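Participant: Let me see the structure of the following:
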Amino acid sequence: MNKIILDFYNQKYPYINGFIILIFFIVIILEYITPSAYVFGYLYSGAILLANIQGNRYLVLVVTLTAAFLTLLNLFIPIIEIYNLSTVANRVIAMISLLVVGWLSIRNRNYQEKIANQQAKIKAQEQLFQMREDFVSTLTHDLKTPLLGAIETLKSFELGLFGQITPKQKKILEMMIRSHQSTLQLVETVLDIYRNDNEGLKIDLKPVNLRTLLDEIIASLTYLTQSRRVHINITGDRLWVKGDPWQLKRVFINLLSNAINHSPRGSRVEIILQSKGDEQQILFRDNGLGISQEELPQLFERFYQGTSDRQAKGSGLGLYLSRQIIEAHGGKIWAENRSPKGAMFGCRLPAMMDKLL
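Facilitator: Sure thing, here's the model as predicted:
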């Protein structure tokens, strides 16, 4: 790094050494043709600063010590004036000033080099991060094809296209298909998040009946509710928003699945639809473990995985993608604890004004 900086300044300022010698020559003449009471040694600071531009600490040290020595030497040459205390004091002050300028110059050079090193590290980390992002994006994109192929093959087995299957085999095939579909959904989530971060989330707005959309989602999650033995209770009127049905469905599936997975067996998950003026509000309430106060502000951050017992280990992308989608609709998503136990996830979306009239 020092060599690079030195080479740079030598190319940009090729005549600096000459200017340093010229300053010394001029100041020496001024110093030694005038009485010692007249202090011109302060002008050596210009030479010190020029030496610092060269980026050579040894040169700065040599110039500083030489300037300080010549400034003090003027007490003896051409006329000894040590007996004059004010002259001695002025010379000592000038010498100390030059030493301080030299020290500050060297320290400033050290700071500049540390900053340059940090900037280089940050740039390298940014490049590495971008490489990782590109790698993950490419990898997840390439994973879609084999997953889709595996799902279609399993469905063919399930339909008996390769021979008769037993009920037990059919059940296993259904489990394998659901597992592959969950993996495919995760891959698509990763791809969407990278795409949204780089290009922005694109949504296709149209009138959406939230109650109808949620009824469809509840029906699609029947297997999960049955396996977890959790009951779903939905209340509220038919609320209308202008949104992207497919994207909103992803949000609600994520929030409802989250509530089901963290509810005790035999408990109930409540979905409440409310109209709040010019906004429509959807709440998902469960009776599971609450969320620690430290984790609440971070739940919707990218790749965040909670450390509490409630937080299931996963990619940490579902809630982040949900936040992206809701905010793209001009809405808000949040989470809070219930009393005495449980958690609630909610979101608000702008209402369709013509449906309110």
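Participant: Which elements pack onto the helix or strand that contains Ile23?
Facilitator: Here Ile23, judged by DSSP states H and E, is contained in helix 16-32. Packing partners of helix 16-32 (3 or more CB pairs under 8 Å, 6 or more residues apart in numbering; DSSP states H and E): helix 44-53, helix 57-73. (Glycine included, C-beta is placed from N, CA and C.)
Participant: which stretch among these comes nearest Leu214?
Facilitator: Leu214 lies closest to helix 44-53 among these, at 68.9 Å (CB to CB).
Participant: Next, the angle helix 57-73 makes with that closest one.
Facilitator: 170 degrees (axes from the mean of the first three to the mean of the last three CA atoms, to 10 degrees).
Participant: Contacts for helix 44-53 next, please.
Facilitator: For helix 44-53, the external contacting residues (CB atoms under 8 Å, 6 or more residues apart in numbering) are 9, 13, 16, 19-20, 23-24, 27, 59-60, 62-64, 67-68, 70-71, 97-98, 101-102, 105-106, 108-109.
Participant: Could you give the average pLDDT over it?
Facilitator: For helix 44-53, mean pLDDT is 84.
Participant: mind listing what Arg91 touches?
Facilitator: Ser36, Val39, Gly41, Thr71, Leu72, Asn74, Leu75.
Participant: Include distance to Ile115 when you put the residues you listed into a markdown table, please.
Facilitator: Below are these laid out as a markdown table (distance: CB to CB, whole Å):
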| residue | distance to Ile115 |
| --- | --- |
| Ser36 | 42 |
| Val39 | 35 |
| Gly41 | 32 |
| Thr71 | 32 |
| Leu72 | 35 |
| Asn74 | 38 |
| Leu75 | 40 |
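Participant: Of those, just say which sits nearest to Asp215.
Facilitator: In terms of CB to CB, no member of the contacts of Arg91 lies closer to Asp215 than Gly41, at 89.2 Å.
Participant: And the closest one, how close does it get to Pro35?
Facilitator: Applying CB to CB, to the nearest Å, the value for Gly41 to Pro35 is 13 Å.
Participant: more crowded one of these two?
Facilitator: Under the neighbour definition other CB atoms under 10 Å, Gly41 and Pro35 were set side by side, and Gly41 has more, 24 against 12.
Participant: Many thanks, have a good one.
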